[in-house]
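> Just to be clear, the model below is a prediction. Sequence and coordinates:
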Amino acid sequence: MPTILVLNSSVSGDASVSKILIDEAVRNLSRANPGATVIQRDLGANPVPHLTGANVAGVRGEPKSDEERAARALSDELIAELRAADTIVIGAPMYNFSIPTGLRSWFDYVLRAGETFSYSEARPQGLITGKRVIVVESRGGLYSEGPANVMDFQEPYLRTLLGFIGLTDITFIHAEKIGFGPEAREAALASAKQALATAA
Ligand SMILES: Cc1cc2nc3c(=O)[nH]c(=O)nc-3n(C[C@H](O)[C@H](O)[C@H](O)COP(=O)(O)O)c2cc1C
């Protein structure tokens, strides 16, 4: 049975545009794959703890303290969810030209040498392969074209992080100009839903 991993990273709860759209994506995917298992991670409402000096050895070293062992256990759990998934749906609002810290923190736990990528002579190699990723990017402004395009550190960054662990089949869905008023927000939702329907 297919498994869908859903990562929400907006901190705006039900008002979130990306949350509305990832919910729509999951409905579409579940219709196309009846009986699919859905794993939900709400990194906005329940963020994973940021790495500190007290826990970093849990993901980059040998865990010895309770905090380090807890970080290792969480990292193992998040990686297991990733491995189990056939499709990964990510809600990624643009925060300060990049991604929310909740999503960034998830990557800190998931990018682990020997688990999700390996070092080889030539270059690092991603170990999480054969999966599809749908990323919904909500943005206050317009970045996919025009003068602000050079300030888009969200999409290239996500492409790099995901690609680093082997996730290269990525569909990016844009919901832009959310800050331009209610009509612009509705138009962005409608066109993103259309793109999601096509993607499903
Ligand atoms: C902390 C924060 C930083 C933001 N930074 C940007 C930004 O750099 N560029 C932009 O266009 N919009 C920015 N926005 C607006 C959001 O991208 C926009 O409201 C989007 O709809 C948020 O996604 P969501 O509705 O899924 O939460 C920011 C919003 C917040 C809360």
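Noted; the coordinates are in hand.

> hey, let's count contacts and neighbours off CA atoms from now on
Noted.

> Verify the stated contact: I99 with P156.
No - contact criterion CA atoms under 8 Å: I99 and P156 do not qualify, at 10.8 Å.

> for stretch 100-118, how far is the first residue from the last?
Start to finish, the residues bounding stretch 100-118 are 26 Å apart (CA to CA, to the nearest Å).

> Neighbour count: I99 and P156, which is higher?
Ranked by neighbour count (other CA atoms under 10 Å), I99 and P156 place I99 first, with 21 against 10.

> Contacts only, for that one.
With contact taken as CA atoms under 8 Å, 6 or more residues apart in numbering, I99 is in contact with 92-93, 154.

> what kind of secondary structure is the residue most central in space within the chain in?
Nearest to the geometric centre of the chain sits I90, at 3.7 Å (CA atoms, centre = their mean). Classification of I90 by DSSP: H, G, I helix; E, B strand; the rest coil places it in strand.

> need the strands for this structure, in chain order.
3-8, 37-42, 87-91, 117-119, 124-126, 132-138, 169-175 (DSSP state E).

> Remind me what the last one packs against, helices and strands.
Think strand 169-175. strand 132-138, helix 182-199 (3 or more CA pairs under 8 Å, 6 or more residues apart in numbering; DSSP states H and E).

> One more: the first one?
Contacting strand 3-8 under the criterion 3+ CA pairs under 8 Å, 6+ apart are the following elements: helix 17-32, strand 37-42, helix 66-84, strand 87-91.

> Highest average neighbour count across those: which stretch is it?
strand 87-91 (a mean of 24; mean count of other CA atoms under 10 Å).

> Looking at the helices and strands packed on strand 169-175, which is nearest to the ligand?
Among those, the nearest to the ligand by CA to the nearest ligand atom is strand 132-138 (4.7 Å).

> Can you give the contact residues for the closest one?
With CA under 8 Å, 6+ apart as the criterion, strand 132-138 contacts 17-18, 21-22, 86-94, 155, 167-176, 178.

> What strands flank that strand, and is each parallel or antiparallel?
strand 87-91 (parallel), strand 169-175 (parallel) (DSSP bridges).

> Is the ligand within reach of it?
Yes - remark: strand 132-138 sits within contact range of the ligand at S138, by CA under 6 Å from any ligand atom.

> Tell me who's in contact with I128.
82-83, 116-117, 165-167.

> possible to save the helices and strands packed on strand 3-8 as JSON lines with mean pLDDT and distance to T3?
As requested, the helices and strands packed on strand 3-8 are arranged in JSON lines below (pLDDT from 0 to 100; distance: least, CA to CA, whole Å):
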{"stretch": "helix 17-32", "mean pLDDT": "96", "distance to T3": "10"}
{"stretch": "strand 37-42", "mean pLDDT": "98", "distance to T3": "5"}
{"stretch": "helix 66-84", "mean pLDDT": "98", "distance to T3": "7"}
{"stretch": "strand 87-91", "mean pLDDT": "98", "distance to T3": "7"}
